[in-house]
Structure formats: C-alpha cells, structure tokens
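Colleague: sequence first, predicted coordinates after that:
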Amino acid sequence: MSTLRARHLVIDIPDRGDGTPLDLDIAPGEVWGVLGPNGAGKTTLLHTLAGLRPPRRGEVLLDDRPLSGLRRRTIARQIAVVFQERQDGFPATVLETALIGRHPFLSALQMETAEDVDLARRSLAEMELEGYEARAVSTLSGGERQRLAVATALAQQPRIWLADEPSNHLDLRHQVAVMRLLRDQAVRGCSVFLCLHDINLAARWCDRILLLYPDGAACWGDTGRMLVPSALEQLYGQKLIATQLDGAPVFVPSVADTRAAAAVPGAGNPSQPHDG
Amino acid sequence: MAGAEQPLSAGAAAQVAVPGLARVWPSLLVLSVLSVLTLLLALSIGSVHVPLSGLLALFGSNADPLHQTLVIELRLPRALAAFGTGGLLAVAGALMQVLLRNPLADPYVLGLSGGAAVGALGAMLLGLGALAVSGSAFVGALVSTVLVFGLAHGTGSWTPTRLLLTGVVVAAGWGAVITFMLVIGPTERLPGMLYWLMGDLAYARSPWPALSMLALACLVLAPLGRSLNVLARGPLQAATLGVAVRPLEWTVFLAASLLTSVAVITAGTIGFVGLVVPHMLRLVFGADQRLILPASALAGGSLLVLADIGARTLMAPEQLPVGVITALLGVPTFLYLLYRSR
C-alpha cells in the first residue's frame, strides 16, 4: 500500500502566482478527481505528482520519501501514469505496447517471461482489446489507443494510478469500463488520482475532489461537500443545472442566458496575468 | 498451478505472440550466415575471378602468389572495412531513429558524417597524428549532433520537417567546408575529394578500428535494447516506466556520433546506409531494438560489402565511389519514407 503526499506543493506554471499550496494525502483506497477549466494546471499537477516536472515549491512524497530523491525505476514500480496526449511513437504492435508496462520489473538483459506476456494479455482483455494484439498501434482509433494506454498501465501493476482524462475519446460503454476498473483498483488498495473534464464522472466515481482554479487557487475535500453548484459555477464560469439521477448528482450546463453565466462573480478565466 | 485449467499454455502463447523475441537468435544466425557469404563473394569477385572453391586453397603453401596477394592483401581488408563501416552506419542510423522517433534520421542526411569529415580533415591539415584525427572527427560529429538536435528541437518537439531541414542545411554547410579545405589543402597528402564527399572504400586502410568499434557497440548497446524500445514510445512515457531518459538520450547521442566518426575515418562520408538498413529490417522483424540493433550491424555490413562489389565491378576497370551506389538505393527509400510520413 502506498500513499502519495503533496506537501505545501506549488506547481510551476510560468507567469502565474503561487495560489494555494497543496497538502494532499492520496491514500490507498481513495479515488481523487481534479476538476478545473482549461489551462488551470490539471495536467501540470499530475506530471508534478508523477515526478516528471519539478514543483516550484514544496515536495511530493512517496511513502514519506521525497520523489525527487528516488530513481525513476523505483518510482515506476509504484506509480503508473496514463497520459492525455500520446506522443507519436515508433511503430509497435498492441501487445508490444502493453508489454512495456513490465519494463520496470525486468533487469537489463532479461527477456519478458511467459508471466509478463500473460499479464499483458489479461490487461488487454480487461480493456476489451484481446483481438488486437498483433495490430499496429498506428491503425487504432483514438478510443482504442486510450484503452491501450490504460491496459499498459494495468500491466505495470501500480500501487498508485495517475490518469489524465482517462475517459477521453471513449464511448459510453468504455467510459464506464475504465472508471469501474479504476474504482476497482482503489478497492484493492491502490491510490487513484484522476484529472477529469466531466463533473458527472467525478460525482459518480470519486471519493475526493480537488477544484483547481486558473489563478492557482484550490480547494479540496469529500466529493459530496465539494460538488455543489455554486462552487462549480464559479470554477467553470458557467451556469449549471443540478439534479439527482440514479443516486448521484448530475450537472448540466445551463444555456438559457450565456451572458448571465459569464457574469458569475469571480468566475472563469481571470485572464489577468499574475505577478509571478 | 493454473496450467491444467488454462486452455493456452502461457509459454507456448509467448512464442506465438511476441514477434521478434523468440526470433532473435535464429534471425541473427541467418544474418550472420548471409554476412559470411557476402564477404566470401567480395573475395571472389573482381578484375580477376577467384572461385569460391579456390579461396581456401589460398592459405595453403602452393597457392598462386598473385591470387594470394590479390585476395588476402587487397580484397580482404577492403571487404572487412566495408563490413565494419556499413555496420557502424546502420547502427548509428537505427539509434538516431529511435531517439527522434523518426525513420528518416540518418547520420549522412543529418550532417553527422559531414561534421566528422570536417573534423578529420581539419586535423589532417594541421598535420596531427591518427589519434588526434579520430578525436577531432568525433568532436565534429558531436558538434553536428548537438547543432542539429538543438536547433531542430527549438521550443516544440522534433517535427520531421524541421529536423530534416536543419540536418540538410547543416550537411550542406559541412560539404562547403570540406570543399574549401580540400581546395586550400595540399591535395597530395589527403585522400581525394570524392572520398570526403561521397565515401569511397578504395582509400580504406585498416579495417580493425571499424570492426572493433562495431563489436564494442553491440556489446555496450545490448543491455539497453529494452530501454530503447521504451524510449521509442516517447520521453514522458519512458520516464514513467523507469527509464532515466536524459542519461539514455546522451548515451545514444554519443554512441551515434562515435560510430559515425569511426565510419567516416575509415571510408569517408557514405550516405543512406543508416536509413535503408534499419527500415528494411523493421519491415521484416518489427521494431524491437533488441533485434534491430545487432541485426543492423550485420545487415549494414553485408549491404555495404555488396555495394562495394558493385562499385568495383559495375564500370570496371573504372571504380565508382561506393557512396554513389548507396545513394542510388537510399534516395528512393528516403523519398518513399518522406512521402509516406505525410
């Protein structure tokens, strides 16, 4: 069981003030959701928590050890990251791609074992990609690539999941499948941290919510307490209609009067550059 | 424990499912046999034909002294130099393609060979010794690498267009510097113009620097194969999978520059081997670097040996620079890859 902690963490976004330092305990069994408008720094936060970019202030601790002092291989045995943007890689097949999730566990000259292949296969099956093993990644659709990225992370058997918009490009069936998988990982003792665009997915699947504002301000807490229309309207600068469906709150944007929405106090993109 | 219940034995499944892995040793064996055959062919073919059956007899005491000199003192060193040079260029190309995640990368096209040639020529003009010439060639290749990759990187990522433009312009610049140096230099002390601009094995002296560097490269790179596979998925993904990206990238930079500079010192600037060979191998074997890198060494060597046989015989008694032959193969390949990448 591993806990990822942010201590007085300020992410480094150029030309932006420090905002609220983050003190987060992403504990085993918890699913965290980060909500915020475009450009609020969700992805930067995720990359900082993964140790891929240095914070401006504060630190990230993996089981009480600073991430900056750990070898990438040590980190990779605990933390899996699902990226939002996939870089154009070299040609590879679907199975080869899922198998690289085993890389942190193999020594330099070691070939993948039968168990590794089996694990990669089961991960692909979990994401309904079992018939795709020999396909070239370049022939997959956006949603299929997204599922492959999740399967690759699953093959990594992480204790901590950091996923940037894991439901991106996915049809409804696979959105549910991915969120259920992540929820299930949390139930098995993983810590899960997600950047999300969809408030309703967050409402449905997350235990804790972090609201990230474009000026760096932030607040976090239990989902029920955080997902209230007034806070979300301020976050997105958009009037919302809230209701309850199937036991979970549902939010839809109100398009009745867009000007009124823009006039929500303190809302949206302040578009004023702060003094760093 | 689950073996009895599972319909598919995991071991058997692995054989089928991971192309490249189970095929590493058989594939390398086939390529090794082909390499030996091309080398024998190079010893046999030429102005005087020595039949394959007669090659072994040359080492006996009652061999034809003319054939002996021809094969052992002329053809064998040249064929080995061709093999070493081709292998080095192909491995350098394969490495750069992984680093840039771009199949168009090649030490000649991106100006590394030109930089090495300028470095070597400069040291020769100053009258420095062989070691200084080698060092200077390495520095030249490295300067070129840093220049091209640094400039092409800019603020964004390595787009193919930006990278190629930078590389081609840098290569053209080196070409001009080479021409300038040859014009002002004492030509009788330097191998000819074509050697430095097109590559020519006629001037190759000892094959051993190239061959030993090739062997060393294969040994050093062998443990990095899987990390390179991961790096080929992109630096961020590689970092999250436990690869120390910066050190690995620098290793690859240095290795590509070093291999290119040794190839250039041996045979001048031969183009496109680093482009053609890894591309062909990926078509056959897939993109697993654990196979592609050693296979590039063997296939690149064989290709250049064959190209050099062509260079010696096509217009006999005139000899072509081998770079002409590799360009004939490489330019269409390059254009095809560029066309397909749109």
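Modeller: Yes, it's here. Residues are numbered from 1 along each chain as shown, chains lettered A, B, ... in the order given.

Colleague: please make it C-alpha for all contacts and neighbour counts, starting now.
Modeller: Noted.

Colleague: assign the residue in the stretch 1-150 of chain A positioned nearest to chain B to helix, strand or coil.
Modeller: Going by CA to the nearest CA, chain B is nearest to residue A:73 of the stretch 1-150 of chain A, at 3.6 Å. Three-state call for residue A:73 (DSSP: H, G, I helix; E, B strand; the rest coil): helix.

Colleague: could you list every residue that touches the closest residue to residue B:252 other than its chain neighbours?
Modeller: Leaving out its chain neighbours, the residue that sits closest to residue B:252 by CA to CA, 6 or more residues apart in numbering or on different chains is residue B:95, at 6.4 Å. By CA atoms under 8 Å, 6 or more residues apart in numbering or on different chains, the contact set of residue B:95 is B:252, B:256, B:293.

Colleague: what parts of the stretch 51-200 of chain B come near chain A?
Modeller: B:98, B:101-102 (CA under 8 Å from any CA of the partner chain).

Colleague: out of these, which is nearest to residue A:57?
Modeller: residue B:101 (33.7 Å; CA to CA).

Colleague: how close does that closest one get to residue A:151?
Modeller: Distance of residue B:101 to residue A:151, given as CA to CA, to the nearest Å: 22 Å.

Colleague: those two: who's more crowded?
Modeller: The neighbour comparison of residue B:101 against residue A:151 (other CA atoms under 10 Å in any protein chain shown) goes to residue A:151, with 31 against 22.

Colleague: that one and residue A:128 touch, don't they?
Modeller: No. Between residue A:151 and residue A:128 there is no contact, the gap being 9.5 Å when judged by CA atoms under 8 Å.

Colleague: tell me how many other residues surround residue 239.
Modeller: I'll assume chain A. Neighbour count for residue A:239, taken as other CA under 10 Å: 25.

Colleague: my question was about chain B, not that one.
Modeller: Residue B:239 sits with 22 neighbouring residues when counted by other CA under 10 Å.

Colleague: which residues touch residue A:20?
Modeller: Neighbour list for residue A:20: A:10, A:216-219 [criterion: CA under 8 Å, 6+ apart].

Colleague: pretty sure it sits in a strand.
Modeller: No. Assigned with three-state DSSP, residue A:20 falls outside any strand and is coil.

Colleague: TSV for the contacts of residue B:95, including neighbour count?
Modeller: Output for those, formatted as TSV (neighbours: other CA atoms under 10 Å in any protein chain shown):
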residue	neighbour count
B:252	20
B:256	28
B:293	26
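
Colleague: closest to chain A among the residues you listed?
Modeller: Among the contacts of residue B:95, and counting by CA to the nearest CA, the member closest to chain A is residue B:293, at 14.1 Å.

Colleague: that closest one should be in a helix, yeah?
Modeller: Yes. With three-state DSSP as the criterion, residue B:293 is located in a helix.

Colleague: wouldn't it be in contact with residue B:92 here?
Modeller: No. Counting by CA under 8 Å, residue B:92 is not a contact partner of residue B:293; they are 9.1 Å apart.

Colleague: now do the strands in the stretch 151-276 of chain A.
Modeller: Here the stretch 151-276 of chain A has its strands, by DSSP state E, counting those that start in this stretch, at A:160-164, A:191-195, A:208-212, A:218-222, A:240-245, A:248-253.

Colleague: right, and the residue of the stretch 1-150 of chain A closest to chain B touches residue B:227 too?
Modeller: No. When contacts are counted by CA under 8 Å, residue A:73 is not listed as touching residue B:227 (11.2 Å).

Colleague: compare neighbour counts for these two and give me the winner.
Modeller: Higher neighbour count among residue A:73 and residue B:227: residue B:227, with 22 against 18, using other CA under 10 Å.
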